[in-house]
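> task: produce atomic coordinates for the following.
(chains A, B, C and D, ligands or ions: 2)
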Amino acid sequence: MNISQIKKEFPIFDEKIHNNDLVYLDSANSSQKPKVVIDRINEFYSKQFSNVGRSVHYLSVAATNLYENTRISVQKYINAKDKNEIVFTKGATEALNLVANTLGQKYLQEGDEVLITELEHHSNYVPWHFLRKSKNIKINFAEINEDGDVPLENIEKALTSRTKVIAISHLSNVTGAILPIKEITDLAHSRGIIVVIDGCQSAPHLKLDMQDLDCDFYAISCHKMYGPTGLGILYGKKKWLEELPPYQGGGGMIKEVKKDRISYSDLPNKYEAGTMATAQVIAFDQSIKFMENIGIEKIMLHEKELIEYGQELLRKNNSVKLIGNPKNKGGVLSFTVEGIHPHDIATILDEDGIAIRAGHHCCQILHDKLGITASARASVGIYNTKDDLDKLNNSINNCKKIFNLK
Amino acid sequence: MNISQIKKEFPIFDEKIHNNDLVYLDSANSSQKPKVVIDRINEFYSKQFSNVGRSVHYLSVAATNLYENTRISVQKYINAKDKNEIVFTKGATEALNLVANTLGQKYLQEGDEVLITELEHHSNYVPWHFLRKSKNIKINFAEINEDGDVPLENIEKALTSRTKVIAISHLSNVTGAILPIKEITDLAHSRGIIVVIDGCQSAPHLKLDMQDLDCDFYAISCHKMYGPTGLGILYGKKKWLEELPPYQGGGGMIKEVKKDRISYSDLPNKYEAGTMATAQVIAFDQSIKFMENIGIEKIMLHEKELIEYGQELLRKNNSVKLIGNPKNKGGVLSFTVEGIHPHDIATILDEDGIAIRAGHHCCQILHDKLGITASARASVGIYNTKDDLDKLNNSINNCKKIFNLK
Amino acid sequence: MNLKELYQEIILEHGKNPKNLGKTENFNKEAKGNNPLCGDNVHVYLKLNDKKNVEDISFEGSGCAISMASASIMTDLIKGKNLIEAKEIIEDFLGMIKENPELHSKNLTDDEKTKLMCLSGVKQYPMRVKCATLSWHTLVSAFENKKAEVNTEN
Amino acid sequence: MNLKELYQEIILEHGKNPKNLGKTENFNKEAKGNNPLCGDNVHVYLKLNDKKNVEDISFEGSGCAISMASASIMTDLIKGKNLIEAKEIIEDFLGMIKENPELHSKNLTDDEKTKLMCLSGVKQYPMRVKCATLSWHTLVSAFENKKAEVNTEN
Ligand SMILES: Cc1ncc(COP(=O)(O)O)c(C=O)c1O
Ligand SMILES: Cc1ncc(COP(=O)(O)O)c(C=O)c1O
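Ligands and ions are numbered 1, 2, ... in the order given. Sure thing, here's the model as predicted:
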């Protein structure tokens, strides 16, 4: 696979950052966008724009078809059984709020328990916390082990007879741990527990197969998958999406509206209230095609090589401490440097054109557990090379120099 | 004002629809986008893209500043007192859901009443209906008069001692009635009632001044204001946004997260959970500039002329029946044609390149009241001309010919 | 021009004066259908006798010329047919609207075929296909006496 | 090069070995501040005596070199000043970080000014300005004994 060729498809890499080439190692935060996606947005607004599903004129019909085409592309990409299991949201955060909120309305009772893990992103904790406040449900935390991993045993240990939902990340945005979702789902379903997956970090990096994973819900961020901002996807098993109540109310999600009663649309409209992110949905079809054209197997292989290379490099660098050494790791390299705060590292790296993230990465529980308030995180995408990681390492050494460390 | 010049700024008008020039009369549904807005999206993704507020690297800092600049532009455009009174949402529908939901959590009690009108869009009814279901609040409907208007008296008549919220459209998307918001707010506040305005249809057409209107909340759809899809704005008075609980939970809206408790960010982050529609927010700044460059007074004048011209034209056309004859009318011309169903009209018009909308326009209550199931609606934007309305009228005559009517 | 094909005289006539409009007496099966985005709705009533013959059929509803004409023609053709024949006709119609240019049913006379073919112009108007098919989908539901409303949005 | 300006020796030294770290005894005013996006936090304690003099001041917290150095230098300079002087110094500092290249306060010796000026390199790093200002905003809160946590996200 020719990465330099692929990189050329991303216009941003023509830009200079502080007079340096951009080394973008912040894809776990949001990925850059290939030209095909940007062009599609441009083309749609310039030549085809109309609102979806609400008018019978030419542009509207065309836009509606394009919009629904993306739904089918997503269905195929994640191997969902039915296109109506795909709901477009404004982001993964909204997707997770939708699940927590509607399960809270119809399924969870006072005293019921939701099991999350210590490595969850705030987006997969705060929505459940809302139910803790409003419905008195309980939240339990499956522990991470010292490798920053959550093995199946730790999930099993934390289950009780009142556990009704397991809500977990597929791939940790800090330790990079890939959790054994299939096994967790098997275990959960054998006890009648619903499984909600935060797939934000896995979706850009792993082959997705909903029917194989068999989880009940799966949340995706399109902007981390070479797609536009302001778009996410909720996969939900049809039986759940049919059974649960709607989340937001408004135009497009109703069947019959009277002064004293309202009935709701069938799927998928039921969960898509109001004017949706039409242009973004339509452009996301190109993001999927872009990934498919390269091939997810090749993407996985390339990124595996990068992460292994990066791990090795940073392990050799004394005073760098890698966070997490999970059995299966993907996408991210989080670390601390003895004597230099992550924000200072990020600032110094930025001067060299290297974009990483510093902070708690929306995982305060995890950082508390590690006994630190912040970490530095380099994360990779399809456009990164080993050279980028060499530059990262060199720039870390520059930090040490500036801070008078050896 | 040179409309043909302005029209040239919208690339879509270079397209042919069934070999005809596009006559776009569906702006109340969603407006077309000027080149400056499309280009801004393109430029942002191509040269500046990064996630907002989460990293300290160059691109992220720049994106964050751009994002916050739009907040300030919006603040100024609608004359809000404080930039933190501007919350970005995925659309007006989400904005209205946010208000209903959070008022429901903290403010409304069983038996409390919300007053809406018979001309509300489903997006300003269904979210309150949810509270009717979950909290046993009551929804009252202020009646429209025979002109399709809701005069102040009709609001006043419908108030009771238990009315806690008035939630109404500023401009009806069917009758075009412009409601006396300032007077309604005065009345409401004198009785301690919260005023929530659905400003979807007014925002593209009227001068907005939050401090003058003095309403408590105001919801806006950016895609109807020459802006990108997937973006809306909630204006809320600071005291309310500070007092009410958050709506969605996730990254970016928290202060401190512990296993047993969570505290939330201050405004505006408190209501902006997860990765926001970054590119859309940044591009919307250009939509505002575009409107400001023309000048809202000129836009209002031009559109007033169009609506008056269109009304006259259609009134002269026998068998066309205009819906609504309100005192102050803006933006839309809804009508029926004796003997031809609105969908058939829309299909025949479309063949001539004329895009209108047919249906209930998300206002079933209003259509029930009018005793019809659907209507045809032509709506205008800054790019429309009297010629467009002549073509509309001619094409309606063609419908009559096809249907063998005179 | 396509519009002429869509709005043929016979369609306009059926649209204006639909047959079998109303609620037939003694119906033993029924179903409702609606199209939430445009507000069209239809209610199909039918009387299926012991021999599985459609003794009577009628509909109530409101909608565009296409949907009214389609319901009118449908009820006209289905009346008197037995269940198996009816299902073949339905399948034939839905196939025609979607892709097939020809009707295959042996249960229709040439005259009946001509009537049905009038609706084939809809094929070129994707957004209007659901107007034409709503009553037919609702009829399928009525045969099954389904509770859930038919919804042509999917 | 700007980085050298940002990370001057004196900043690194204060960052590594901050002065007045800990919880001073007998404090009578305090406030907490945090920066939710990066996780920095600070807790300022101070003892303001009857004559409105800052008898003692200290801080707890964790953060980057800039924020630690800033808190360290701040406590160093504020200790012993009276309330009015302290407020002038705060204003001067915040002004410098935002736009003014010069310090105006008459309450600082040249030495003290030099110390404070070390932090002026932050100006060129907009995302880091809040690291430098967090402790100062928190100090303002402490003087007012405000309950609400300071939040530098706005
Ligand atoms: C009056 C009115 N309210 C609310 C809405 C909903 O806005 P959106 O679809 O952008 O969420 C619309 C537009 O469809 C509208 O016209
Ligand atoms: C693991 C994980 N979950 C959830 C989210 C939230 O996704 P979004 O911000 O797109 O809503 C993110 C990204 O920030 C993430 O990395």
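
> what sits against the closest residue to A:D285 other than its chain neighbours?
Using Cβ to Cβ, 6 or more residues apart in numbering or on different chains and skipping the chain neighbours, the partner closest in space to A:D285 is A:T70 (4.3 Å). For every residue, glycine as well, the C-beta is placed using N, CA and C. For A:T70, the contact set (Cβ atoms under 8 Å, 6 or more residues apart in numbering or on different chains) comprises A:V281, A:I282, A:F284, A:D285, A:I288.

> of all the residues in the stretch 301-406 of chain A, which one is nearest chain C?
A:I382 (34.8 Å; Cβ to the nearest Cβ).

> how about the helix-or-strand element of chain A with minimal mean pLDDT and chain B, touching?
Ranked by mean pLDDT, DSSP states H and E, the helix or strand of chain A with the weakest confidence is strand A:254-257, at a mean of 91. Yes. Counting by Cβ under 8 Å from any Cβ of the partner chain, contacts between strand A:254-257 and chain B involve A:I254, A:E256, A:V257.

> then stretch A:83-94?
Yes. Counting by Cβ under 8 Å from any Cβ, chain B is contacted by stretch A:83-94 at A:K90, A:G91, A:A92, A:T93, A:E94.

> okay, now the third one: neighbour count?
Put plainly, it is A:A92. 31 (other Cβ atoms under 10 Å in any protein chain shown).

> flag every residue of chain A that's near chain C.
Looking at chain C, the residues of chain A close enough under Cβ under 8 Å from any Cβ are A:53-54, A:56, A:60-61, A:64-65, A:84, A:252, A:254-256, A:265-269.

> before we move on, the earlier item: which pLDDT value belongs to the residue nearest to A:D285?
According to the prediction, A:T70 has pLDDT 98.

> so which strand or helix has it?
For A:T70, the host element (DSSP states H and E) is helix A:58-77.

> what strands flank the next helix or strand after that helix, and is each parallel or antiparallel?
Next helix or strand after helix A:58-77 toward the C-terminus (DSSP H and E): strand A:86-89. When pairing is defined by DSSP bridges, strand A:86-89 lines up against strand A:232-236 (antiparallel).

> residues contacting the partner strand, please?
Under Cβ under 8 Å, 6+ apart, the answer for strand A:232-236 is A:74, A:78, A:80, A:85-95, A:98-99, A:210, A:216-222, A:271, B:274.

> which among those residues count as buried?
With burial judged by 16 or more other Cβ atoms under 10 Å in any protein chain shown, the buried subset of the contacts of strand A:232-236 is A:74, A:78, A:80, A:85-95, A:98-99, A:210, A:216-222, A:271, B:274.

> check contacts around A:I354.
Here A:I354 is in contact with A:V23, A:L25, A:D388, A:K391, A:L392, A:S395, B:H57 (Cβ under 8 Å, 6+ apart).

> relative to A:N384, how far out is it?
11 Å (Cβ to Cβ, to the nearest Å).

> quickly list what's touching both of these two.
Common neighbours of A:I354 and A:N384, counting by Cβ under 8 Å, 6+ apart, are A:L25.

> quick check, A:A358 in a strand?
Yes. Assessed with DSSP: H, G, I helix; E, B strand; the rest coil, A:A358 lies in a strand.

> my read: it touches B:S55, true?
Yes. Using Cβ atoms under 8 Å, A:A358 is in contact with B:S55, at 7.2 Å.

> mind listing the strands for chain C?
C:29-35, C:40-48, C:54-62, C:150-151 (DSSP state E).

> mind putting the residues of strand A:254-257 next to chain B in CSV, neighbour count included?
Below are the residues of strand A:254-257 next to chain B laid out as CSV (neighbours: other Cβ atoms under 10 Å in any protein chain shown):
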residue, neighbour count
A:I254, 26
A:E256, 16
A:V257, 22
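
> which of those residues sits closest to chain C?
Proximity of the residues of strand A:254-257 next to chain B to chain C (Cβ to the nearest Cβ) peaks at A:I254, which lies at 6.1 Å.

> for the residue lying closest to the closest one once chain neighbours are set aside, phi and psi?
Leaving aside its chain neighbours, A:I254 sits nearest to B:H122 (5.6 Å; criterion: Cβ to Cβ, 6+ apart). Dihedral pair for B:H122: phi -50, psi -30, per degrees, to the nearest 10.

> can you get me a residue count around B:H122?
25.

> now do the one 4 residues further on
Other residues within reach of B:V126, judged by other Cβ under 10 Å, total 27.

> since we're on the spatially closest residue to it that is not a sequence neighbour, how many residues are nearby?
With sequence-adjacent residues excluded and distances taken as Cβ to Cβ, 6+ apart, B:V126 is closest to A:G249, at 2.8 Å. When counting by other Cβ under 10 Å, one arrives at 27 neighbours for A:G249.

> list the contacts of A:G249.
A:G249 neighbours (Cβ under 8 Å, 6+ apart): A:I262, A:A273, B:T93, B:N97, B:H122, B:S123, B:Y125, B:V126, B:P127, B:H129, B:F130.

> any of the residues you listed buried? List them.
Buried subset of the contacts of A:G249 (neighbour count, 16+ other Cβ under 10 Å): A:I262, A:A273, B:T93, B:N97, B:H122, B:S123, B:Y125, B:V126, B:P127, B:H129, B:F130.

> thought the first one was touching B:H129?
Yes. Taking Cβ under 8 Å as the contact criterion, A:I262 and B:H129 are neighbours in contact, 5.2 Å apart.

> next, the nearest residue to A:A277 once chain neighbours are set aside: secondary structure please.
Leaving out its chain neighbours, the residue that sits closest to A:A277 by Cβ to Cβ, 6+ apart is B:G230, at 2.8 Å. Three-state call for B:G230 (three-state DSSP): coil.

> now the one helix or strand A:I345 maps to against helix B:58-77, angle please.
Using DSSP H and E, A:I345 sits in helix A:342-351. Here helix A:342-351 points in a direction 100 degrees away from that of helix B:58-77 (axes from the mean of the first three to the mean of the last three Cα atoms, to 10 degrees).

> parallel or antiparallel, list what pairs with the helix or strand following helix A:342-351.
Along the chain past helix A:342-351, the next helix or strand (assigned with DSSP H and E) turns out to be strand A:354-355. As defined by DSSP bridges, the strand partners of strand A:354-355 come to strand A:23-24 (parallel).

> any idea of the mean pLDDT for the partner strand?
Averaging pLDDT along strand A:23-24 gives 98.

> after it, which helix or strand is next?
helix A:35-43.

> what's the spacing between that next one and its chain's center?
22 Å (Cα atoms, centre = their mean, to the nearest Å).

> pLDDT of it, averaged?
Mean predicted lDDT for helix A:35-43 stands at 98.

> could you give the angle of that helix to helix B:35-43?
Going by the same axes, to 10 degrees, helix A:35-43 makes 170 degrees with helix B:35-43.

> where exactly do the helices run in chain C?
Assigned by DSSP state H, the helices in chain C fall at C:2-6, C:9-16, C:65-78, C:83-98, C:110-117, C:126-144.

> list the buried residues of the fifth one.
So the one you mean is helix C:110-117. C:E112, C:K113, C:K115, C:L116, C:M117.

> with stretch C:60-79 instead?
C:60-61, C:63-79.

> so which of the residues you listed also contact chain A?
Okay, of the buried residues of stretch C:60-79, nothing touches chain A (Cβ under 8 Å from any Cβ).

> okay, now the unreliable bits of chain C?
C:1, C:36-39, C:147-154 (pLDDT under 70).

> repeat that for 80
C:1-2, C:35-40, C:99-105, C:126-127, C:145-154 (pLDDT under 80).
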